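>>> Requesting a structural model of the entry that follows:
(chains A and B)
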Number of protein chains: 2
Amino acid sequence: MPHPLARELGNLIERGRDRQLRLAVTGLSRAGKTAFLTSLVHQLRHAGLEAHLDLLPAARDDRLLGASRVAQGDLGVPRFPYDQALAALDDTPPRWPEPTRGISELRLVIRYRPAKRGLLSSEIRELTLDLFDYPGEWLLDLPLLDHDYLSWSEAQNHRLHDGDTRQALFAEWRRAVAELAPDDEADEAQLAAIAERYAAGLRAAREAGFADLQPGRFLLPGDLDGAPVLQFFPLPGLATSQRKTLEALPENSVYRTLAARYAHYRQHIVKPFYQQHFRRFDRQIVLVDVLGALNAGPERFEDLSRALGTLMQSFAYGKRSLVSRLFSPRIDRLAIAATKADHVTPDQHGQLVSLLEALLAEPLKDLRFADVPVRAMSLASIRATRSREVEQRGKRTPALAGTTLDGDEVLLFPGEVPPRLPDPGFWARQGFDFHAFRPLPRDAGALPHIRLDAALDWLIGDKLQ
Amino acid sequence: MPHPLARELGNLIERGRDRQLRLAVTGLSRAGKTAFLTSLVHQLRHAGLEAHLDLLPAARDDRLLGASRVAQGDLGVPRFPYDQALAALDDTPPRWPEPTRGISELRLVIRYRPAKRGLLSSEIRELTLDLFDYPGEWLLDLPLLDHDYLSWSEAQNHRLHDGDTRQALFAEWRRAVAELAPDDEADEAQLAAIAERYAAGLRAAREAGFADLQPGRFLLPGDLDGAPVLQFFPLPGLATSQRKTLEALPENSVYRTLAARYAHYRQHIVKPFYQQHFRRFDRQIVLVDVLGALNAGPERFEDLSRALGTLMQSFAYGKRSLVSRLFSPRIDRLAIAATKADHVTPDQHGQLVSLLEALLAEPLKDLRFADVPVRAMSLASIRATRSREVEQRGKRTPALAGTTLDGDEVLLFPGEVPPRLPDPGFWARQGFDFHAFRPLPRDAGALPHIRLDAALDWLIGDKLQ
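A predicted model of the protein is given here:
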């Protein structure tokens, strides 16, 4: 076995030669991360043969020879479950793959012929592509690094008053926490019970389609289930003006106990992700389920917008940003993609991109200011519908044919995507009726997709020159 | 929040004053760890009142005032689920608590009056008792630190030939691994599939009552599920004489890939447990389900004996032992207890202890040689039976009354416990018929037990003087 340092050095040299690239995929839960990565790997593995990758020059010019999976770099990170995902798609009827939990990894070696050939015309090059998949919810925890428990508590309490539906989900927690005063002596069992209600509120909110949820790790506790570090919550009615009084409370007070847990969470959960993983990514794609949020109504759509604003802070690192001060990241290219484009008719794809850009208007300004190259697009990682035309009274209108999750074959027009942030009129008209479809049964070739090749070109195309 | 160093220092000072004690509870799965810890906490909390702790001098002399739970020291370790365990015991019908997974922690502050009072006769002292519960399976991994992949592989292959039942459980893995040569190029998916069969063999073996299983973390993967570090297995047919040839294989060969994963497991999974937890324990109790193994027949009994031999190596640290060379542990007192003593009639308890001592004869010699004070005992953490006498033909014989897990009320004599390692004659006679019982319904007082107070006296009694 090589010494870890020797291996790290080997990696560095590979990177120096532009032969290694670390590409990360993220998105909030249900944005389509697993489908995207599965399709990406599948396309590259079929690149030499059946894949349709016309928007990726290396493939169009027939220079892409294919890709093979090799042993990943980090032995302690779960492997991305590619085979299980393909098995789900090949099932009868086809199923969407199980969503991944936490971070996972997969390493491909891509073989290609360079665009400008040297004297040795048969030269073949290799690019090692490390793919990472991690929950976008982890990025929602970034602002915790900028807060201490007191200011976080204040901010969260402010947030919990947003929106009736969301508020209602935290009603039980609110009743329980109302009995607690900051200077009470901390009772472990009581704090655990109240924290569990807070976590239950977060889980219910996610189920109900909300995305802007903190702390992210409460939703996927893993091995830390039941540990005090995951048992805190904001205390209502705190104001930063009370700081001195609060910090003078005894160590076993409710306030000091919760503040200690919050600090531990920041230090041992939020920071390590940025230190061990995030700062090593070269490229990043953020997937967004715009259509799902559009379908769920104004409160969730507003919530998604806020969540994305928070999430994008991790990428908009000018010199003075929190991320760059703490972790010196090096992501040099970013893609933002509205997924499930196949769930609307092709004439709507342009509007979908416009809407995505409108949704991300503020973060995009920050990115431009920070000079991070970014591109917004729409795509379908794995097509679930076929595009059709319906003739009605002599007029041809576009439609989608597909099979719903319940197994009904339908032909429909799901509605028009508003090209900018929807106004109250849009919601009043209920102009959008998005359906969820099963994946199409797969034939022998590569998985059918929409513009996954465009995403590939932006994310890795320059390395295949 | 105090600085972590300040807190650690505070802990050190407490310890220096003999006011803090870290007591660890372990045992192989189903040995009764959860019941033991639940009862221990319950007895101490009821110590001033209804608890029957006559074998603990502080309690007998009425000096023990009780105990309360306080915030635990390590925020990143799950809390021992005491409330959930009590709720299970209070259910109708009563249930045994859910077994814990991984390590958990609970901190008690015990209040007592010292035995020799000073001038201030009303002086009350406090002892902070940190309780830890962790799977005995983790200790079975200790020998890995003494092996590299090659010698471990050899040792495991030797082991896999023990016993027909056990062998049969690994048949699928054996077929799959037979297709693999050490110098093949490693195929991630293939190695993952073969590793999964190995893990399935381990799980099946545990289900079938076997205990001597390595690597322990394969049975409780937690967040590492699917990571390459949990995807290795012994290669058949390796011999240490081939070392040079094997180590000269390319890095992506099957042999080198598996060896790298093995090394990562040793370094990042086995060692951290000893470094972060084990070396900080002051006292330790090892629980052993002798009766269960006796019931399961000679192959499992033999297996338990071997597993205990391995497990005890973590405690028998003379100056030259592996543990003391690597981790400078400080456990200064050890208890070994045969649990579920209430599942045999009281006249058998003496034999149960004799059998436990026979089972541990070799490790006990090592402990004595290393001068680690150790005591063997039998106990029932939470009684599940009542002791009765049956008169038959004018002769009174002891019997047990209890409710089986299926809900049948029975009165029976489960058999005689052999006072030394059972010979073939014992197994041929099928002399032992152990039943599993439900816990007794709890009345208002402390949980009924057998000799839990004796264990408490040995483990913490000297700190309550």
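>>> Below-threshold pLDDT in chain A: ranges please.
Scanning chain A with the threshold set as pLDDT under 70 gives A:1-18, A:48, A:117-121, A:160, A:162, A:317-320, A:430-431.
>>> and it, what are its domains?
Residue ranges for the domains of chain A, per automatic domain parsing: A:4-134+A:277-385+A:441-464, A:144-275.
>>> Now do the same contact list for the residue of the stretch 201-350 of chain A found nearest chain B.
For the stretch 201-350 of chain A, the residue closest to chain B is residue A:226, as judged by CB to the nearest CB, at 3.6 Å. From N, CA and C alone the C-beta is placed, and that goes for glycine too. Going by CB atoms under 8 Å, 6 or more residues apart in numbering or on different chains, residue A:226 touches B:78, B:79, B:81, B:104.
>>> element containing it, please.
Following DSSP states H and E, there is no helix or strand that holds residue A:226.
>>> For the closest residue to chain B within the stretch 51-200 of chain A, which non-adjacent residue is closest in space?
Closest contact between the stretch 51-200 of chain A and chain B, by CB to the nearest CB, is at residue A:78 (3.6 Å). In this structure, residue A:78 finds its nearest non-sequential neighbour in residue B:226, 3.6 Å apart by CB to CB, 6 or more residues apart in numbering or on different chains.
>>> sorry, back to before: put together TSV for the domains of chain A, with distance to residue B:150 on each row.
As requested, the domains of chain A are exported to TSV (distance: least, CB to CB, whole Å):
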stretch	distance to residue B:150
domain A:4-134+A:277-385+A:441-464	18
domain A:144-275	31
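>>> List just the one of those domains that sits closest to residue B:99.
Nearest to residue B:99 among these is domain A:144-275 (13.5 Å), distances taken as CB to CB.
>>> and the end-to-end length of the closest one?
Start-to-end span of domain A:144-275 (CA to CA, to the nearest Å) is 15 Å.
>>> Any idea how many residues pack against residue A:191?
Number of residues near residue A:191 (other CB atoms under 10 Å in any protein chain shown) recorded here: 21.
>>> Skipping adjacent residues, who's closest to it in space?
Closest to residue A:191 by CB to CB, 6+ apart is residue A:231, at 5.9 Å.
>>> Return the distance of that neighbour relative to residue A:221.
Remark: distance between residue A:231 and residue A:221 (CB to CB, to the nearest Å) = 10 Å.
>>> the more surrounded of those two?
residue A:231 (24 against 15).
>>> residue contacts, that one?
Counting by CB under 8 Å, 6+ apart, residue A:231 makes contact with A:191, A:192, A:195, A:196, A:261.
>>> Now do the contacts for the closest residue in space to the last one that isn't next to it in sequence.
Spelled out, that is residue A:261. Closest residue to residue A:261 apart from its sequence neighbours, by CB to CB, 6+ apart: residue A:232 at 4.1 Å. Listed by CB under 8 Å, 6+ apart, the contact partners of residue A:232 are A:149, A:191, A:195, A:258, A:261, A:262, A:265.
>>> Same check on residue A:426?
In this structure, residue A:426 makes contact with A:418, A:432, judged by CB under 8 Å, 6+ apart.
>>> now the host helix or strand of it, how far from the centre of its chain.
In this structure, residue A:426 sits in helix A:424-429 according to DSSP H and E. Mean C-alpha position of helix A:424-429 versus that of the full chain (CA atoms, centre = their mean, to the nearest Å) differs by 28 Å.
>>> Check stretch A:107-125 too.
Counting by CA atoms, centre = their mean, stretch A:107-125 comes out at 32 Å from the chain centroid.
>>> Name the residues of the stretch 201-350 of chain A found near chain B, please.
Counting by CB under 8 Å from any CB of the partner chain, the stretch 201-350 of chain A comes close to chain B at A:222-229, A:251-252, A:256-257, A:259-261, A:263-264, A:268.
>>> try it again with 6 Å
Neighbours of chain B within the stretch 201-350 of chain A, by CB under 6 Å from any CB of the partner chain: A:222-223, A:226-229, A:257, A:259-261, A:263-264, A:268.
>>> Tell me the buried residues within those residues.
If you count burial by 16 or more other CB atoms under 10 Å in any protein chain shown, the buried members of these come out as A:223, A:226, A:227, A:228, A:229, A:257, A:259, A:260, A:261, A:263, A:264.
>>> which residues touch residue A:112?
Counting by CB atoms under 6 Å, 6 or more residues apart in numbering or on different chains, residue A:112 makes contact with A:58, A:63, A:64, A:125, A:464.
>>> give me that answer again for 7 Å
By CB atoms under 7 Å, 6 or more residues apart in numbering or on different chains, the contact set of residue A:112 is A:58, A:63, A:64, A:65, A:125, A:127, A:464.
>>> Also residue A:72?
Applying CB under 7 Å, 6+ apart to residue A:72 gives the contacts A:79, A:105, A:106, A:107, B:228.
>>> did I read that right, the third one in a strand?
Right, the one you point to is residue A:106. Yes - Residue A:106: assigned to a strand according to DSSP: H, G, I helix; E, B strand; the rest coil.
>>> Once you drop chain neighbours, what's closest to residue A:195?
With sequence-adjacent residues excluded and distances taken as CB to CB, 6+ apart, residue A:195 is closest to residue A:231, at 3.8 Å.
>>> and what of residue A:177?
Counting by CB to CB, 6+ apart, the residue nearest residue A:177 is residue A:194, at 5.6 Å.
>>> so where does the one you found fall, helix or strand?
Element membership of residue A:194 [criterion: DSSP H and E] is helix A:188-207.
>>> beta partners for residue A:110?
Using DSSP bridges, the bridge partners assigned to residue A:110 are residue A:67, residue A:127.
>>> Hmm, residue A:127 and it touching each other?
Yes - with contacts defined as CB atoms under 7 Å, residue A:110 counts as touching residue A:127 at a distance of 4.5 Å.
>>> Give me the more crowded residue out of those two.
More crowded of residue A:110 and residue A:127, by other CB under 10 Å: residue A:110, with 23 against 20.
>>> and the more buried one, what does it touch?
So residue A:110 contacts A:44, A:67, A:126, A:127, A:129 (CB under 7 Å, 6+ apart).
>>> would you list the contacts of residue A:72 in TSV and tack on distance to residue B:238?
Output for these, formatted as TSV (distance: CB to CB, whole Å):
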residue	distance to residue B:238
A:79	25
A:105	29
A:106	29
A:107	27
B:228	20
